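coordinates only, sequence not included:
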């Protein structure tokens with residue numbers, strides 16, 4: 001993975017400050033830097049196609065992005081744990 005912060009760190013920091021940052025939101029929306037992208041260790045410039053992830057990953061990734069967008073830290077934490085536990 002690149003030198004950017006992991007989502008585990010971003011979630012911890014968001015919980016401490018009580019919100020996600022604008023940068024968190026930008027990373028959450030891009031497949032190469034979202035929680036699913038982190039799980040697959042995609043590099044920042046990699047643009048995955050629909051064939052590169054499962055329907056479950058897609059659903060969880062979109063839900064995770066939504067949780068970040070809506071500043072729902074507990075939901076984002078639950079979704080991140082679920083994403084990281086995928087086979």
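In hand now; what should we look at? Predicted model only: the values in this text are computed from it and were never measured.

strands of the chain, start to end?
Using DSSP state E, no strands are found in the chain.

which non-adjacent residue is nearest residue 53?
Distances taken as Cβ to Cβ, 6 or more residues apart in numbering put residue 36 closest to residue 53, at 6.0 Å, once the chain neighbours are dropped. From N, CA and C alone the C-beta is placed, and that goes for glycine too.

hey, where'd the helices end up in the chain?
For the chain, the helices defined by DSSP state H occupy 7-17, 22-29, 35-40, 55-69, 73-84.

which of those is buried the deepest?
Comparing the helices of the chain by mean neighbour count (mean count of other Cβ atoms under 10 Å), helix 35-40 ranks first with a mean of 22.

quickly note the distance from residue 86 to residue 4.
21 Å (Cβ to Cβ, to the nearest Å).

go on, residue 53?
With Cβ to Cβ as the criterion, residue 53 and residue 4 are 20 Å apart.

between those two, which has more neighbouring residues?
Neighbours per residue (other Cβ atoms under 10 Å) separate residue 53 from residue 4, with residue 53 holding more: 19 against 13.
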